[in-house]
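Asks: Build me a model from this:
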Amino acid sequence: MAKVNFLVDKGGLMFLDIIAQTAYSETFPYLATALGFTSVLGTMGWRRWKQKNTYKPLESLPSPPKHWLLANIPQVLAAVKQKKLFWQFFVWSQQLGPMYVVWNGSNPVVILSKPKVIEDTIINGMKDGSLIRSTRSRQAWNDITSPIMIGETGAEWQWRRKAWNPEFSSSNLSKYVEIISQACEQVITTIKEAAPPKEIQVDPLFVELTMRVISCLVLGIPVDRNSTSQEGLPLDVAKVYDAMSVVGYRFVRQATGEKIWMKYLPTQNSRDYWNARRYLEEFLTPRVDLALQMREANQTDLLNVSPLFRESMLVKIAAKEPKYNRETLIAESVEFLIAGTDTTAHTLSFAVAELSLNPQVFQQARNIVDQVWQKFGGVNLETFKELTYIRAILKETLRLYTIASGSTSLEAHRDTVIEGQVIPRGTRISWSILAAGRDPEFYPHPEEFLPERWLDTSKETSSLPMINFGSGLHRCLGEHLSMLEGTMMLALLLRYFDWELVNGRSSVEELQQNLLIHPADKMPVRFRLRNLPS
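Replies: The predicted structure is shown next:
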């Protein structure tokens, strides 16, 4: 005889009591399977019903056409595979308006595409506690290696931010101008030494520039590509960048639905991930261990340590923040390598392209650089206040190409309201920064490259949203560094070269997204050396 009790909730309420009056027979396994399958379906149905009622206020928002079971998951995953997720969100924004909802199964993600709404949502939502960093995006960030600042919230995020903030302040960065200048001059030399007609893919060139700068500041590795680093493995830009690209692409996949445990499956993606992670750890571990050794010994003048390493951010942070250990310092170093390389490099590539496509802007920028050269004899810390137009070019480039998303997605910690729309607790909130940057309400003639819009001091334009570096307390730490690098590099290029795009406008139209948006063709440019007076 058999008696089977089925309980349906944690309180132990009895849902069904079946008394089998007959002896066990061959039909019992099939009956058990059927009952189990029915139970699973019932649970799924109950959860879907509960979520449907929880998120009922969002039904009034437009959404893309949905699969009956998977909702918008197929479209999102296809866009990620094609490395076009940013473009899919942009297209939906054009079709559905400034606020719409994408359904990850029965879980909603509200997408915003009005720049001022995005800015206010981030600032006000995080200030009053109604919005927090979403669990999914935090898990995805932390799975790049292990917990990092951008993957934390609350007190954990605060002490990390407080530790690093002084290192990236505008006043502190002034002492790094010489390092940035040296890296930029190496780019100029590379272009000059290229065989005629000096056709060069500038995106990898700018990746090397920015990686050498951030590696020098954070890890104490010499900017000079011909110098050696005695504290660890030499910087192999190509290998480090490839590894960063792999873990970055994994973040995008996981943030859009891939499960963490899938990295343990015997797939090519998993093998690539573990190989990339292993290489980054091998590259960073000797330097991190040395910084920790210096902390424990309470000395910064070890004989086997170079002056550049002693002054690195890694050594300073290890010394003043005992909460950091080997694992978290390695993870934080990976975070800064990624954040300090791709963003500025790709922005420079698109800025070079737009200058080529807009001769009037090019000539105006060159005139300003030449005037600075005549007055100061070159580009240095004194000249930056004279180069506001060059910074405006970088801002306009970011508006059009929105290299990064502006901020990691948020999640409603409690029911809240955005633009009159009730957003239920648990709803994820993200954005199409590409659509936001092309909003004609805030940026007249949005498809035109107009740096002047950032210099107009009239009431209507003086408060243009600049959300590519995020907003509020979580605004990007590296904003000042990025603008400093970009301004100096563009000024030097304008001083020494004329140029044109090898592939024309297609270089700025054929874009892909790994972690960040980049030109698919690596932006080949044909340079011509200017005839300058000696």
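Asks: Mind jotting down where the strands sit in the stretch 301-450 of the chain?
Replies: Here the stretch 301-450 of the chain has its strands, by DSSP state E, counting those that start in this stretch, at 410-412, 416-418, 421-423, 428-431.
Asks: nearest to residue 474, of those?
Replies: Among the strands of the stretch 301-450 of the chain, the nearest to residue 474 by CB to CB is strand 410-412 (9.6 Å). Quick note: C-beta positions are derived from backbone N, CA and C, even for glycine.
Asks: Show the average pLDDT along the longest helix seen in the chain.
Replies: Ordering each helix of the chain by length in residues (DSSP state H) puts helix 326-357 first. Helix 326-357 carries an average pLDDT of 96.
Asks: chain center to that helix: distance?
Replies: Per CA atoms, centre = their mean, to the nearest Å, the displacement of helix 326-357 from the mean C-alpha position of its chain is 9 Å.
Asks: tell me what the helix or strand harbouring residue 75 is packed against?
Replies: Assigned by DSSP states H and E, residue 75 falls within helix 73-81. With contacts taken as 3 or more CB pairs under 8 Å, 6 or more residues apart in numbering; DSSP states H and E, helix 73-81 sits against helix 85-96, strand 99-104.
Asks: now, of these, which is deepest in the fold?
Replies: Most buried of those, by mean neighbour count (mean count of other CB atoms under 10 Å): strand 99-104, with a mean of 21.
Asks: After it, which helix or strand is next?
Replies: Downstream of strand 99-104 (by DSSP H and E), the next one is strand 107-112.
Asks: Can you tell me the strand partners of that following strand and which way each runs?
Replies: Here strand 107-112 has these sheet partners by DSSP bridges: strand 99-104 (antiparallel), strand 428-431 (parallel).
Asks: if we compare the ones you listed, which one ends up closest to residue 279?
Replies: strand 428-431 (30.7 Å).
Asks: Okay, helices next: where are they in the stretch 201-350 of the chain?
Replies: Along the stretch 201-350 of the chain, counting by DSSP state H, counting those that start in this stretch, helices occupy 202-219, 237-255, 268-297, 307-310, 313-320, 326-357.
Asks: for residue 397, what are its contacts?
Replies: 347, 350, 351, 354 (CB atoms under 8 Å, 6 or more residues apart in numbering).
Asks: Just the buried ones from those residues?
Replies: Listed as buried from the contacts of residue 397 are 347, 350, 351, 354; burial here means 16 or more other CB atoms under 10 Å.
Asks: what's the spacing between the first one and residue 207?
Replies: Which is residue 347. Computed as CB to CB, to the nearest Å, the residue 347 to residue 207 distance reads 12 Å.
Asks: what do you get for the third one?
Replies: As defined by CB to CB, residue 351 lies at a distance of 15 Å from residue 207.
Asks: Residue 213 too?
Replies: Relative to residue 207, residue 213 is positioned 11 Å away (CB to CB).
Asks: Count the residues that sit near residue 60.
Replies: Neighbours of residue 60 under the rule other CB atoms under 10 Å: 9.
Asks: excluding its backbone neighbours, what's nearest it?
Replies: Excluding its sequence neighbours, the residue lying closest to residue 60 (CB to CB, 6 or more residues apart in numbering) is residue 421, at 7.7 Å.
Asks: for residue 354, same thing?
Replies: Residue 354 sits nearest to residue 449 (CB to CB, 6+ apart), 4.8 Å away.
Asks: ok, now which ones touch the one you found?
Replies: Contacts here follow CB under 8 Å, 6+ apart; on that basis residue 449 touches 354, 357, 358, 361, 396, 400.
Asks: ok, now which ones touch the first one?
Replies: This means residue 354. Going by CB under 8 Å, 6+ apart, residue 354 touches 361, 393, 396, 397, 400, 449, 508.
Asks: Please consider this matter closed, and thank you.
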